[in-house]
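A.B. asks: pasting the structure only:
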Ligand SMILES: Nc1ncnc2c1ncn2[C@@H]1O[C@H](COP(=O)(O)OP(=O)(O)OP(=O)(O)O)[C@@H](O)[C@H]1O
């Protein structure tokens with residue numbers, strides 16, 4: 001297994017050395033082909049972490065490396081899907097042109113842009129909507145366009161920041177299953193932030209639980225469920241229920257107990273077995 005993302009002793013303090021420390025001594029890795037979810041209390045520093053991973057800001061301490069290269073600016077081979085699909089698509093461009101858009105700045109010739117967009121739209125089940133405009137689509141479909149646009153870039157790492165938080169429960173389940181299908185088929189490496197404990201366990205190969213701010217990794221929990229998941233049978237699986245309880249308990253631990261940095265995967269899995 002090769003390491004795709006390596007975050008080492010990452011820390012960020014807003015407003016200089018006497019300012020507010022949002023994340024501190026945060027270390028973890030994401031391996032190639034893994035889907036890793038991050039959960040943490042509200043305001044613990046998840047967005048600060050994602051901004052550092054994207055190269056959108058320079059962290060005060062520590063390092064981020066993507067495929068062994070230090071991240072100092074937004075890497076070309078990284079794509080991001082945000083929660084707010086309505087502001088991430090261009091309303092004046094068709095669905096196909098929205099998906100092609102980032103490929104233009106990457107210098108791909110028109111024929112390849114078209115082909116990649118068509119493949120990505122097919123992967124998310126939107127071939128028939130290619131010539132429509134975002135306003136003609138439901139919220140769930142618009143978020144599928146955002147996912148297609150990210151996939152078309154064939155990113156080394158796909159970052160997803162609460163990607164399903166703005167859609168209704170039924171659409172959320174459908175989008176979770178779509179992500180699972182595409183991730184498993186294409187082997188995309190995904191780092192996804194969510195507030196939803198069930199979602200994290202349902203989707204992930206590993207769940208990273210963060211402490212309250214300043215965020216550090218409380219636990220790196222391996223989700224030892226079969227790779228094939230189903231909204232009903234997986235969520236009824238006693239192991240799913242056990243893992244969900246484990247994440248909830250870790251999130252509820254008092255702040256003082258979280259200062260001891262990360263618990264190893266084996267410790268957590270052994271403790272919950
Ligand atoms: N530009 C900034 N200047 C000062 N403080 C900031 C800045 N951005 C974020 N913070 C603070 O850092 C802390 C972590 O914020 P961040 O947005 O990273 O948390 P989060 O876990 O993503 O939040 P949420 O769960 O609400 O999405 C918060 O207390 C926030 O107020």
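C.D. replies: That came in fine, so what should we check first? Everything quoted here is computed from the prediction, not taken from an experiment.
A.B. asks: and the chain, which residues reach the ligand?
C.D. replies: Within reach of the ligand by C-beta under 6 Å from any ligand atom, the chain has these residues: 14, 20, 22, 40, 42-48, 213. For the C-beta atoms, the positions are set from N, CA and C on the backbone; glycine is no exception.
A.B. asks: now name the helix or strand holding the residue most central in space within the chain.
C.D. replies: Among the residues of the chain, the one closest to the centroid is residue 192, at 1.7 Å (C-alpha atoms, centre = their mean). Residue 192 is part of strand 190-193 when elements are defined by DSSP states H and E.
A.B. asks: what's the closest non-adjacent residue to the residue nearest to the centre of the chain?
C.D. replies: The shortest distance from residue 192 to any non-neighbouring residue, by C-beta to C-beta, 6 or more residues apart in numbering, is to residue 160 (4.1 Å).
A.B. asks: how far off centre is the helix or strand hosting the one you found?
C.D. replies: Using DSSP H and E, residue 160 falls within strand 157-161. Distance of strand 157-161 from its chain centroid, counting by C-alpha atoms, centre = their mean, to the nearest Å, is 4 Å.
A.B. asks: so what touches it?
C.D. replies: For strand 157-161, the external contacting residues (C-beta atoms under 8 Å, 6 or more residues apart in numbering) are 4-5, 30, 46-47, 50, 53-54, 66, 75, 77-83, 150-151, 179, 188-193.
A.B. asks: what mean pLDDT does that strand get?
C.D. replies: Along strand 157-161, the predicted local confidence has a mean pLDDT of 94.
A.B. asks: immediately after it, which helix or strand?
C.D. replies: Taking DSSP H and E as the definition, the helix or strand that follows strand 157-161 towards the C-terminus is helix 169-186.
A.B. asks: mind listing what's buried along that following helix?
C.D. replies: Of all the residues in helix 169-186, those buried under the rule 16 or more other C-beta atoms under 10 Å are 171-176, 178-180, 182-183.
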